[in-house]
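> Okay, sequence plus prediction incoming.
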Amino acid sequence: MDTRNRLSRILLPLGALAAISPWLGPASGLLLGIAVGLFLGNPWPAPVSHWTKKCLSWSIIALGAGMNLGTVLKVGSHGILITFFSITLTMTVGYLLARFLRIRAKAGTLVAAGTAICGGSAIAALAPAIGAPEEDTGVALVTVFLLNAVALVLFPFIGHTLGMSQHAFGLWSALAIHDTSSVVGAGLAYGQEALAVGTTVKLARALWIVPLTLAAATLFRTQQGKRRHPWFILGFILSAAACTWIPALHPLGAHIAWLGRKGMGLALFGIGCGISLGGLKRTGPRPLAMGLILWAVVASASLVLIRFGWVS
């Protein structure tokens, strides 16, 4: 056993512990996993991949316990047509961009879904449903997290420059920033009303993960002749419903959602460990280019719609 392999056997478990620690968020866990995968290699590729997929599915179910379906459904019922139209348009433009840039279908689908709905959460839910390779999932997640970091700085600056109201900025951030956590960060930087509007609208939008995942699973099953059952989506809905409408479960739901966030960090670390230099060479920079172009289109279009009062 060479030194590199011996070192990876030590650092991979330590990295997993760091990924669930209070000091690292999901994005940091993913980057830590990528560092281990690229520079040291994954000494246990099959077991890590197997347990990463299980951890991802159960974490999604646990995260459902932290959602208040009553509030989310109330907000989501307003503007349901514009939400459906915007998600459909984003997925369609994403499909065309992926074809134009010659990106693999599953990688393109993940990037488009992350842009259309809620970033890393949508990618995490969609990846096992369509059987996406870890390198496609990892590259899509890196793309989303990079753009999230840019949005945290760029969006408040643009909002103040354009003189956007708190309500308008919150709505824009929910439509155009990928992850809920980054919507929260941008809202905090802009004001309390922006934070409340952005977070609520984003959570309502997140429910569209359910039909999109079911549709994508059916599409890729039809193309490949494989049966994939995204059972964790049903678990997500049931856990959210139970913790919303059974008062005795409200305190427990917060603890379960906390476990879900920790599990998601661990799963993203595992996905990062599955990325190799060979995989990155096969994927190339095109998914990042696709994500950047698609994000610019979505952010610009939603900003125009809000400024002219067509979305409120």
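Noted; the coordinates are in hand.
> hey, let's count contacts and neighbours off CA atoms from now on
Noted.
> low-confidence ranges in the stretch 201-312 of the chain?
222-230, 279-280, 283, 312 (pLDDT under 70).
> Would you agree residue 291 is in contact with residue 111?
Yes - at 6.1 Å, residue 291 counts as touching residue 111 under the criterion of Cα atoms under 8 Å.
> between these two, what contacts are shared?
The contact sets of residue 291 and residue 111 overlap at 143, 144 (Cα atoms under 8 Å, 6 or more residues apart in numbering).
> Comparing the two, which residue is more hemmed in?
residue 111 (33 against 25; other Cα atoms under 10 Å).
> from memory the more buried one sits against residue 121, does it?
No - look at residue 111 against residue 121 with Cα under 8 Å: they stay out of range, at 11.6 Å.
> How about residues contacting stretch 261-269?
Contacts for stretch 261-269 (Cα under 8 Å, 6+ apart): 15-16, 19-21, 25-27, 29-34, 52-53, 55-56, 58-60, 63.
> From those, keep the buried residues only.
Buried subset of those (neighbour count, 16 or more other Cα atoms under 10 Å): 15-16, 19-20, 25-27, 29-34, 52-53, 55-56, 58-60, 63.
> measure the spatially most central residue of the chain to residue 49 for me?
Nearest to the mean C-alpha position of the chain, by Cα atoms, centre = their mean, lies residue 120 at 1.5 Å. Distance, residue 120 to residue 49, by Cα to Cα, to the nearest Å: 18 Å.
> likewise residue 6?
Using Cα to Cα, which is the criterion applied here, residue 6 is 20 Å from residue 49.
> more neighbours, these two?
More crowded of residue 6 and residue 49, by other Cα under 10 Å: residue 49, with 18 against 12.
> Please determine how far the nearest residue to residue 277 once chain neighbours are set aside is located from residue 284.
Distance criterion Cα to Cα, 6 or more residues apart in numbering; nearest residue to residue 277, sequence neighbours excluded, is residue 38 at 6.0 Å. Distance check for residue 38 against residue 284: by Cα to Cα, it reads 15 Å.
> ok, those two, which is more surrounded?
Higher neighbour count among residue 38 and residue 284: residue 38, with 18 against 13, using other Cα under 10 Å.
> For the more buried one, give me its contacts.
Contact analysis of residue 38 by Cα under 8 Å, 6+ apart lists 273, 275, 276, 277.
> which of the residues you listed count as buried?
Going by neighbour count (16+ other Cα under 10 Å), the contacts of residue 38 have 273, 275, 276 buried.
> Dump the residues you listed to a markdown table, plus distance to residue 92 and secondary structure.
Listed next are these as a markdown table, based on distance: Cα to Cα, whole Å; DSSP: H, G, I helix; E, B strand; the rest coil:
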| residue | distance to residue 92 | secondary structure |
| --- | --- | --- |
| 273 | 31 | helix |
| 275 | 28 | coil |
| 276 | 30 | coil |
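> Reformat these into JSON lines and put distance to residue 199 next to each item.
JSON lines is the format used below for these (distance: Cα to Cα, whole Å):
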{"residue": "273", "distance to residue 199": "31"}
{"residue": "275", "distance to residue 199": "32"}
{"residue": "276", "distance to residue 199": "35"}
